[in-house]
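Q: I would like the atomic coordinates for the input below:
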Amino acid sequence: MTKEILLVAEAVSNEKGVSEDIIFEAIELALATATKKRYDEDADIHVTIDRKTGDYVSVRRWLVVPDDEMALLGTQFTTEEALEQDPNLKPGDIFEERVENVEFGRIAAQTAKQVIVQRVRDAERAQVVEQYLGRVGELVAGTVKGYTG
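A: Purely as a prediction, here's the structure:
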């Protein structure tokens, strides 16, 4: 599976003319979204893909908040709870715990496709805007093929 991630990123990047980093970020977001679905409560999941090997690591993160604040279930620890995990944690720190990588099944693949398609569209729009940004104020002739607004 790991080599397939590299091949998908390269193929989509070449086909759409979008940076591979954008594709990797979209895949990471899709894997994080699929991993979040495992938990009943809200969870802060972060996935990192190794750009050379295609291996990926999933971690769940909690923000440490002072004891006098109400910690959000699943995404925050009070200082007291954090001390049980690591005695060096203090408010403002982030505690990370490695979690099992989600398998790239049908649902994860569908989620990945949706995220990748959206990110590619956003990147393509940004490229068009960047291409014409320097021409602001210049008179240009053209045909409007579509409008979303």
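Q: next helix or strand past the longest strand belonging to the chain?
A: When the chain is parsed with DSSP state E, its longest strand is strand 56-65. Heading C-terminal from strand 56-65, the first helix or strand you meet, by DSSP states H and E, is strand 76-78.
Q: Partner strands of that following strand, with direction?
A: According to DSSP bridges, strand 76-78 has the following sheet partners: strand 56-65 (parallel).
Q: Spatially central residue in the protein, please.
A: In the chain, the centroid-proximal residue (C-alpha atoms, centre = their mean) is residue 29; its distance is 2.6 Å.
Q: Can you check the pLDDT for that one?
A: According to the prediction, residue 29 has pLDDT 87.
Q: any idea whether it is helix, strand or coil?
A: Assigned by DSSP: H, G, I helix; E, B strand; the rest coil, the conformation of residue 29 is helix.
Q: what's the pLDDT at the closest residue in space to it that isn't next to it in sequence?
A: Of all residues not flanking residue 29 in the chain, residue 115 sits nearest, at 5.3 Å (C-beta to C-beta, 6 or more residues apart in numbering). All C-beta atoms are positioned from the backbone trio N, CA, C, and that covers glycine. pLDDT, residue 115: 79.
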